[in-house]
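Predicted model and sequence below, questions to follow.
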There are 2 protein chains.
Amino acid sequence: MFVTLDRNASISLVDQITLALIERIQSGLHHDGEKLPSVRNLSQNLGVSLLTVVKAYEQLEKKGFIKRHHGKGTFIRIPITSEVNKQENDPFNWQHDIQDYIGRSTFGQVTQKKSGAYPLHLTTLNTDQLPLDLIIQASQQALSEATSIGSYASQIGDPDLRVVISQYLRQWGDHCSPSDFLITSGSQQGIDLIARTFIGPGDVVIMESPTYPGAIDAFRSRGATILTVSLNEEGMQLDRLIQLFDRYTPKLIYTIPTAQNPTGVSSPLKKRRQLLEIAEIYHCLIVEDDPWYEIYYESPPPPPLYLLDQTGHVIYLKGFSKTLSPGLRVGMLAAKGPILYKLLNVKAVSDLCTPLLNQRIYYHLLQEKACTTYFASLRKTLRSRRDLVHQLLLKHAPSEVTWRLPSGGYCFWITLPPNIQTQELIAQSAQLGITLLDGAVCHPSISDHKHIRLSFASLPLQQLEEGIRTLCQVMHDIQSTSLPFTTETSI
Amino acid sequence: MFVTLDRNASISLVDQITLALIERIQSGLHHDGEKLPSVRNLSQNLGVSLLTVVKAYEQLEKKGFIKRHHGKGTFIRIPITSEVNKQENDPFNWQHDIQDYIGRSTFGQVTQKKSGAYPLHLTTLNTDQLPLDLIIQASQQALSEATSIGSYASQIGDPDLRVVISQYLRQWGDHCSPSDFLITSGSQQGIDLIARTFIGPGDVVIMESPTYPGAIDAFRSRGATILTVSLNEEGMQLDRLIQLFDRYTPKLIYTIPTAQNPTGVSSPLKKRRQLLEIAEIYHCLIVEDDPWYEIYYESPPPPPLYLLDQTGHVIYLKGFSKTLSPGLRVGMLAAKGPILYKLLNVKAVSDLCTPLLNQRIYYHLLQEKACTTYFASLRKTLRSRRDLVHQLLLKHAPSEVTWRLPSGGYCFWITLPPNIQTQELIAQSAQLGITLLDGAVCHPSISDHKHIRLSFASLPLQQLEEGIRTLCQVMHDIQSTSLPFTTETSI
């Protein structure tokens, strides 16, 4: 277990350890009853005094997160697993009886893992890869306008930003106007607004499988019936899609046509037009999530579905958290026709409006020509990283491990052979500081034990190389120990 | 009709007029079929060329927001009112058939009205009333940290901010720790998270009546059964509350115990303790919304319910959009016990996390001692404004009009006599540039035609005085014309 400590922070080390442990528990990193390191071990690992750890453990026990058994050790107690964890005399026990309406939430598993030297699960860039100067300059421009911090934004979003984002999209095609845009608090909110506006219990949603886990969570939370379509090298398998339309009445298709997360696949123009045609025939909404459009490694992708659509079937989501600034949380939703105003109502209930300061920063930022240069150089760096990982995998991974070279985005989607189970690989890699995303969270309905997602975006090159080599070694180790037991010809 | 135009903006005047009109329509400011000013009139009113207005109207017609009938004039078409507005050959017509799940949304009516010289409906401060220097200084500190714009925040919120907000609350009482806090994208999101986590169709929610419209929207959107308790000069009528508990099984009580919106009533300590006791007996959650705690005009309010609670019955919401910065949208939700982790899951689905930059700005801002001075001086200014409006109403309003002097907050809740209907008052006042909040939107269930909410926070003093005088005159005018028809003794 590792906790990043900041000795210059305004919070004590005791509080830092306490809060970090609480977050680890909340993120699903520990299971109920799990034994924690001894006070001596943790103090050595973190380079802090014994007393610091004792105090942190005391705080955690007081808050009900851990339980110390004299002579046996310190154990995790996970408060939300109800009955089992009820402690006599805990004044909060009554809360376990409140019925809640929580759906699946995989966010903790996807983004909150912070341990280990090789965080290969993270699809974010490091601060030193981002155009911080440009963003700070745009922030200064925004701050110089008194209204940015002194006014609510309008519900639909800042009019200037809506003009600029529509100009930005026009680089890639026509059919796009400022009045089509609703500014959201990140693309996740866009997905959530769509789910809340149009999806209710039993409504049929079609998703690619695998896909972005946050979208699965949003549609699940509305009680959707999720049907899946797998992907080939050109994206969604359209014959399967048509079969689904023959049998069901899908209301909405969620797709990432460019540099699909997690597979890295992009659809060619012809396929985009076919998908649109299907949506038009069956009057089904398409939600096009497009965070990766700028990050391609071969030729530029064909226009987004949204810009090909003239009949209001596509709702487009564009976010820049992955490529420009994770800390600002501004997303753009575009929709043609009356549905935009429906989404607007739900936006108001959700959070009234997206912070005006953040919108004004993007307004200034997206006008910068230097953004184009930045994206070009980012593509170049990432492409060489992708190629490096590809070469390393070719060289070091067991021959039965397979993957497709991603056309864009930050991830490899890796298929493991039958004798390597994801859970075992993840557990053993974690002991060596490697964090991976379990492919299972990317599936809406099937149980997947043979995929991991591996990101190459942000790790320093040497660490990236070490991480991949070590991961491959773990794969070999698992294979060598499991082969005698799993090969059918063995006795 | 008035549109604020910015001749230095990057958008053309045509686009500005077009967008402003679209927003007015979306905010419910116009009804379907309403006649717009002629091109000549609007060009004169706005000081723009005839051609500018012609082009704006052309754009609006193309987008389907208005319809021009040769020789008759230009008329509003409201796209979301379905069937009636379907236009033949409109490629988006099919969208009218998509079933949606939108509940009540009153936000447009509450905050998006921007017309008129006397916006007495707005409960926001002007930028020149805000501590902009302090906020800009805090923003500069936040921007100097690369992670503020370069990293996602953790799902639960920035640890430093959670420490600072818990210290901030400790000014008013104990029982509060950093680990109890979840940072939200404004208090509205806090309400929405609570509704989504704990409320489903048929669950019983108790609300004060009148109350904050955004909370009604959030609980309505979950299909709650809303029961109401009216207020006296000490807040919620607890005998009525107990009656409800005798007959129903309420899951949650939403209350604003300090400077209640819209009535301005604050509960004394004794009543707070009684409310808590009721919640404990019946194991009911209390949602305490507390944006106004700093804005009191007599003695400081008793501690928030949350700080009196030791058994995890209160979920506390604290926002500063009303008092510090409407443009940042950071709110804090506090809850003791395991329910916090349930809310956290729904937070992730909603928007992953609140922007880290905005959290870091509040982290620096709330540590500023100068905030205390600012609040003290704000109270003084607002108190004299409150007293001014009180005096003006005493002097000019018809004697049958009644109100209670607000103990805090920005609003008067005004009761009209039977011969003045809210709708008529609002319509006639609007013609003189006065915008009011219709009391009806503050009620979860009853139809109210005799209240208006009137804010005294932000209008320049002279305008405020003119606005109130004019409003009183309109009341007299309505009375003088309506009296002969409504008084029962008249023939």
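Done, it's in. What you are looking at is a predicted structure, and each value in this text was computed from that prediction instead of being measured.

Doesn't residue A:53 lie inside a helix?
Yes. Under DSSP: H, G, I helix; E, B strand; the rest coil, residue A:53 falls within a helix.

Count the neighbours of it for me.
Residue A:53: 25 surrounding residues under other C-beta atoms under 10 Å in any protein chain shown. Where C-beta positions appear, they are placed from N, C-alpha and C, glycine not excepted.

Show me which helix or strand of chain A is least confident by mean pLDDT.
Lowest by mean pLDDT, DSSP states H and E among the helices and strands of chain A is helix A:107-111, with a mean of 57.

Counting by contacts, list what the helix or strand following it packs against.
Next along the chain after helix A:107-111, taking DSSP states H and E as the criterion, comes strand A:118-119. On a contact count with 3 or more C-beta pairs under 8 Å, 6 or more residues apart in numbering or on different chains; DSSP states H and E, strand A:118-119 meets strand A:434-435, helix A:461-486.

which of these sits most buried?
Comparing those by mean neighbour count (mean count of other C-beta atoms under 10 Å in any protein chain shown), strand A:434-435 comes out on top with a mean of 22.

moving C-terminal of that one, what's the next helix or strand?
Using DSSP H and E, the next helix or strand after strand A:434-435 towards the C-terminus is strand A:437-438.

Show the backbone phi and psi for residue A:263.
When read as degrees, to the nearest 10, the backbone of residue A:263 gives phi -80, psi -20.

what's the burial count for it?
Neighbour count of residue A:263, defined by other C-beta under 10 Å: 28.

residues contacting it?
The neighbours of residue A:263, taking C-beta atoms under 8 Å, 6 or more residues apart in numbering or on different chains as the test, are A:210, A:231, A:404, A:406, A:411, A:413.

so which of the residues you listed also contact chain B?
Checking those against chain B by C-beta under 8 Å from any C-beta of the partner chain, not one of them is in range.

Can you list the buried residues in stretch A:388-400?
Residues A:389, A:390, A:392, A:393, A:396, A:397, A:398 are the ones in stretch A:388-400 that count as buried (16 or more other C-beta atoms under 10 Å in any protein chain shown).

what residues are up against the residue in the stretch 301-450 of chain A that chain B sits nearest to?
Residue of the stretch 301-450 of chain A nearest chain B, by C-beta to the nearest C-beta: residue A:337 (3.0 Å). Residue A:337 sits next to A:312, B:79, B:91, B:92, B:95 when contact means C-beta under 8 Å, 6+ apart.

6 Å instead?
Shown in contact with residue A:337 (C-beta atoms under 6 Å, 6 or more residues apart in numbering or on different chains): A:312, B:92, B:95.

circling back to that earlier point, which among the contacts of residue A:263 gets closest to residue B:372?
residue A:411 (48.8 Å; C-beta to C-beta).

Got the phi and psi for the closest one?
Note on residue A:411: its backbone torsions stand at phi -130, psi 150 [degrees, to the nearest 10].

Equivalent analysis for residue A:285, please.
Dihedral angles for residue A:285 - degrees, to the nearest 10 - are phi -70, psi 140.

The residue nearest to it when sequence neighbours are not counted and residue A:287, how far apart?
Excluding the flanking residues, the one nearest residue A:285 by C-beta to C-beta, 6 or more residues apart in numbering or on different chains is residue A:252, at 4.5 Å. Separation of residue A:252 from residue A:287 (C-beta to C-beta, to the nearest Å): 6 Å.

Pick out whichever of these two has more residues nearby.
residue A:287 (25 against 22).

what about residue A:143, how many neighbours?
Residue A:143 has 20 neighbours, counted by other C-beta under 10 Å.

who touches it in this structure?
By C-beta under 6 Å, 6+ apart, the contact set of residue A:143 is B:136, B:139.

give me the beta-bridge partners of the residue nearest to residue A:285?
Beta-bridge pairing for residue A:252 (DSSP bridges): residue A:205, residue A:285.

helix, strand or coil for residue A:139?
Under three-state DSSP, residue A:139 falls in the helix class.

Quick check, pLDDT for it.
We have a pLDDT of 97 for residue A:139.

Where does the closest residue in space to it that isn't next to it in sequence fall, secondary structure wise?
Distance criterion C-beta to C-beta, 6+ apart; nearest residue to residue A:139, sequence neighbours excluded, is residue A:361 at 5.0 Å. Residue A:361 belongs to helix A:356-365 when assigned by DSSP H and E.
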